[in-house]
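Novice: Provide a 3D model corresponding to the input given below.
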Amino acid sequence: MSGGQLGKMLTQVASVFDIQVYVMDQSNEAPAAQICHQFFQGDQTNFDDVYSFGKKVDLLTFEIEHINIEALRKLKKEGLTIYPDPETLHVIKDKGLQKEFYNNHHIPTSNFQLFNSKEEVLKAVQAGVVNYPFVQKLRTDGYDGKGVAVVTEASKLNRLIDAPCVIEDAVDIDKELSVIVARNPSGEIKCFPIVEMEFNEEANLVETLICPANVSKEVEQESIRIAVEVAEAFNLVGLLAVELFLDKKGNILVNESAPRTHNSGHHTIEANITSQYEQQLRAIFDWPLGDTSILSPSVMLNVLGEPGYIGKVKYEGLESILKVPGVKPHIYGKKITKPNRKMGHVTVLGKTIEEAQERAELVKNTLKVKTYESAKN
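Specialist: Modelled structure (predicted):
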């Protein structure tokens, strides 16, 4: 369900196994709509659309959290196989419930409080209940850095969003890490090697991913242990991307989780023996999980729309980066670009991580997403 870039890449791998893929999305120009077996136009937040679509398939999975839960619950009650389970999705799609889940299961995470409005947050700040610096996250409907406000001092309070939210103590971050866990109905579990994420501060989304991460063996092992603990607590079937903070004291905290393929696993298409997309299929069909070993050090770059450009997409520098060894571009097929919209990604391979990073820097400075219009909008 849903036909974005994650759905497109899953569909591409499904074709290798001759799996018939049906997709529902609001837009008939969605990336996966171009290559799936059957496409249905509908709204994944609408009960009737989700329920009707679910009656057409034998197994339902998804690439986005914002789905009508009541429709999924009814479909499950009527016997449809849905992975991950709707109850897992119900918790994860609400960042407040997600944080409470971590606390209830004694999973390390940052301190937090829940509020219903901007006014409540402001009163808590004035009363000294909330202290600077802190991070506000919308409980629902946030994605790709949207719905997040970082407040370091009183002058930044105008960044607050007026909606039900989670207020978290700001973590003194050393590194941001991610572990993707796969689990099938038989209980087999495998993790992909830990990756390091670098964020675009303006867009508040992942700009660069490095694998293997530059962390100690102890940090790697503890991160994987925590990620597996989270997946088992959810009794998850499918994939779970567990995003982590390594703070400057060496503590590892769960930031948040996503019950699906994830931006932090794109590099696995070329850099690992089994990609995250193949692994998701193996998991939900209860097949043996694949080998996640690294074939090559890699850097993944998100290809984002350039600031100031809105309109029909034009890629500049694509031919130039194809001359660079180890460069593997993935263009998602979105027709319209806008600032910081994810339009594709590039995985860059190297014999060493340093070689991959050097090549990635060249790609970053060369490939630009603009528009056919000559003037900026």
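Novice: mind listing what's buried in the helix ranked longest in the chain?
Specialist: Counting residues, the longest helix found in the chain (DSSP state H) is helix 217-233. For helix 217-233, the neighbour count (16 or more other CB atoms under 10 Å) marks Val219, Glu220, Glu222, Ser223, Ile224, Ile226, Ala227, Val228, Glu229, Val230, Ala231 as buried. Yep, even glycine has a C-beta here, placed from its N, CA and C like the rest.
Novice: Stretch 335-350 now?
Specialist: Applying a neighbour-count criterion of 16+ other CB under 10 Å, one finds 337-338, 340-350 buried in stretch 335-350.
Novice: circling back: using CSV, list the CA coordinates for the longest helix of the chain.
Specialist: Listed next in CSV are the C-alpha coordinates belonging to helix 217-233 (Å, rounded to 0.1, in the frame of the first residue of the first chain):
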residue,chain,number,x,y,z
LYS,A,217,32.6,-2.8,18.5
GLU,A,218,30.9,-2.3,21.9
VAL,A,219,28.6,0.4,20.6
GLU,A,220,27.8,-1.7,17.5
GLN,A,221,26.9,-4.7,19.6
GLU,A,222,24.8,-2.7,22.1
SER,A,223,23.0,-0.9,19.3
ILE,A,224,22.1,-4.2,17.7
ARG,A,225,21.0,-5.7,21.0
ILE,A,226,18.7,-2.7,21.7
ALA,A,227,17.2,-2.9,18.2
VAL,A,228,16.4,-6.6,18.5
GLU,A,229,14.9,-5.9,21.9
VAL,A,230,12.6,-3.3,20.3
ALA,A,231,11.6,-5.6,17.5
GLU,A,232,10.8,-8.5,19.9
ALA,A,233,8.8,-6.2,22.2
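Novice: Show residues contacting it.
Specialist: 101-102, 105, 107-108, 177, 179-181, 183, 189, 191, 193-194, 213, 215, 240, 242, 244, 246, 250, 252, 254, 257 (CB atoms under 8 Å, 6 or more residues apart in numbering).
Novice: ok, so of the buried residues of helix 217-233, who is nearest His262?
Specialist: Nearest to His262 among these: Ala227, at 11.9 Å, using CB to CB.
Novice: Would you check how far apart the closest one and Pro307 are?
Specialist: The gap separating Ala227 from Pro307 is 34 Å, by CB to CB, to the nearest Å.
Novice: And for Gly265?
Specialist: In terms of CB to CB, Gly265 sits 27 Å off from Pro307.
Novice: Compare neighbour counts for those two and give me the winner.
Specialist: More neighbours surround Gly265 than the other of Gly265 and Pro307, with 29 against 11 (other CB atoms under 10 Å).
Novice: Quick one: residues contacting that one.
Specialist: For Gly265, the contacting residues are Ser178, Ile180, Phe192, Val195, Leu239, Ala241, Ser275, Gln276, by CB under 8 Å, 6+ apart.
Novice: which ones among these are found in strands?
Specialist: If you go by DSSP state E, the contacts of Gly265 have Ser178, Ile180, Val195, Leu239, Ala241 in strands.
Novice: Mind giving me the PyMOL select for those residues, buried ones only?
Specialist: One line in PyMOL is enough to select the buried ones among the ones in strands among the contacts of Gly265; burial here means 16+ other CB under 10 Å:
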select buried, resi 178+180+195+239+241
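Novice: got JSON lines for the ones in strands among the contacts of Gly265, with pLDDT and distance to Arg359 too?
Specialist: As requested, the ones in strands among the contacts of Gly265 are arranged in JSON lines below (pLDDT from 0 to 100; distance: CB to CB, whole Å):
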{"residue": "Ser178", "pLDDT": "96", "distance to Arg359": "22"}
{"residue": "Ile180", "pLDDT": "97", "distance to Arg359": "24"}
{"residue": "Val195", "pLDDT": "96", "distance to Arg359": "17"}
{"residue": "Leu239", "pLDDT": "97", "distance to Arg359": "28"}
{"residue": "Ala241", "pLDDT": "96", "distance to Arg359": "25"}
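Novice: Thank you, goodbye.
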